[in-house]
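Participant: show me the folded form of this:
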Amino acid sequence: MIKGIRRAGALAMLACAFIITSCSPTAEETAAPRTEFNIGWSIYAGWMPWPYAEQAGIVKKWEDKYGIKINIVQVNDYVESVNQYTAGQLDGVTVANMDALTIPAAGGKDTSAIIVGDYSNGNDGVLLKGTGDLHAIKGQKINLVELSVSHYLLARALDAVGLSMTDVSTVNTSDADIAGAFLSQDVTAAVAWNPQLSTMKQAPGAKMVFSSANIPGEILDLLVVDTATLKANPNLGKALSGIWYETTALMQKQDDEGKAARAAMAELAGTTPEMFDDQLATTFLYADPQSAVAATSDEALIETMTRVRDFSFSQGLFGQGAKSADVVGMAFPGGKTLGDSNNITLRFDETYMQMAVDGAL
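Facilitator: Numbers count the residues shown, from 1 in each chain. Model (predicted):
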């Protein structure tokens, strides 16, 4: 079973987000040209290309091309990886779109999403016992990691059947405990992500009544980089894009070379090749840069981030001082913005993905 977590505990990360001005370098300090960088990652099927690229020598190839050093740093806990990035200890990190918004961006850390890597296409799900009818969720207690992407998925599931968060109650349950809780007789409803979700689906009478496959493109997994660092060191963005697309092209191959790459990723994730392939089957990977650029430039991304920011604001994730969902500004390709255009702290930047399309890396 894959160890670690991909996303959770937004509330736990919130505190660091609002002390960012004291715990991270200023823009001026990070804007100097540099030759060594730290990129954090945590275990999740869609992020395993990063450690594999380091193991296979792909990172070194692109380091040598641009005369820089990129340390691919594993952080065993996803929450801690985002905390470290927010605090300026990492120059970039793998992160879900909601957490990129509610943690570093909401805390004032200007952040650029330079690679849109994948979206969850069934890796996250809502489970009920004894029924396959989503309407039956009304009035139930739902075990989940509160204020995480699971909470967002629940809100979207309720909306799909004309219900709201006031029609259910939630029970905050850690990712480490949620599988065990759902396997008990007392818990009849839960929201979780893989690998826990796979285990929970085996419980007697368990039915998945809604999943991230019902909202394609909304739960995105990104590589984000500190904007000031990126502006001062564009070769970092070029190298990261080169590493990513060389590796994802390799892992998509159906020959022995591709199979060996996926098996190596599975081993790095602490699972079997079969289980890793199962995880990839519910992960829509933007393996080529053309598809990633198209997704990043699509109006649908603005619609998605509008839903995400509205949910985040409703749950208080922008802090007590936030007067509206517009408090955090976001920028998209083509000069489009969402929220406060004078406070842009999350940027979906297609520049380096487009360079891969154009063969300009």
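Participant: quick one: list the elements packing against the helix or strand in which Ala260 is found.
Facilitator: Using DSSP states H and E, Ala260 falls within helix 256-269. Judged by 3 or more CB pairs under 8 Å, 6 or more residues apart in numbering; DSSP states H and E, helix 256-269 is in contact with helix 49-56, helix 234-251, helix 273-281. Every C-beta, even on glycine, is put in place using the N, C-alpha and C of the backbone.
Participant: now those in JSON lines, with mean neighbour count?
Facilitator: As requested, those are exported to JSON lines (neighbours: other CB atoms under 10 Å):
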{"stretch": "helix 49-56", "mean neighbour count": "22"}
{"stretch": "helix 234-251", "mean neighbour count": "22"}
{"stretch": "helix 273-281", "mean neighbour count": "17"}
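Participant: of those helices, which is nearest Glu218?
Facilitator: Of all the helices and strands packed on helix 256-269, it is helix 273-281 that lies closest to Glu218, at 18.6 Å by CB to CB.
Participant: how far does that closest one sit from its chain's centre?
Facilitator: Put simply, helix 273-281 sits 18 Å off its chain's centre (CA atoms, centre = their mean, to the nearest Å).
Participant: immediately after that helix, which helix or strand?
Facilitator: Following helix 273-281 in sequence, per DSSP H and E, is strand 283-285.
Participant: list the helices and strands that next one packs on?
Facilitator: In terms of contacts (3+ CB pairs under 8 Å, 6+ apart), strand 283-285 is packed against strand 111-120.
Participant: quick check: mean pLDDT across the next helix or strand after the strand it packs on?
Facilitator: Once the chain leaves strand 111-120, the next helix or strand it forms, by DSSP H and E, is strand 124-129. Regarding strand 124-129, the rounded mean pLDDT is 97.
Participant: and for stretch 233-249?
Facilitator: On average, stretch 233-249 scores 98.
Participant: contact partners of it?
Facilitator: The contact list for stretch 233-249, computed with CB atoms under 8 Å, 6 or more residues apart in numbering, reads 33-34, 37, 39, 49-50, 52-53, 56, 58-59, 61-63, 65-68, 70, 91-92, 114-115, 117, 223, 225, 229-230, 261, 285, 287-289, 351-353, 355-356, 361.
Participant: same thing but at 7 Å, please
Facilitator: Contacts with stretch 233-249, where a contact means CB atoms under 7 Å, 6 or more residues apart in numbering, come from 33-34, 37, 49, 52-53, 58-59, 62-63, 66, 68, 70, 114-115, 223, 225, 230, 285, 287, 289, 351-353, 355-356, 361.
Participant: before we move on, the earlier item: the helix holding Ala260 versus helix 49-56: what angle between them?
Facilitator: 110 degrees (axes from the mean of the first three to the mean of the last three CA atoms, to 10 degrees).
Participant: wait, Cys216 sits on Asn123?
Facilitator: To be clear, residue 216 is Pro; Cys isn't right here. No: in this structure Pro216 lies outside contact range of Asn123 using CB atoms under 7 Å: 11.9 Å.
Participant: the two - which one has more neighbours?
Facilitator: Higher neighbour count among Pro216 and Asn123: Asn123, with 29 against 14, using other CB atoms under 10 Å.
Participant: residues touching the more buried one, list them.
Facilitator: Counting by CB under 7 Å, 6+ apart, Asn123 touches 193-194, 212, 279, 282-283.
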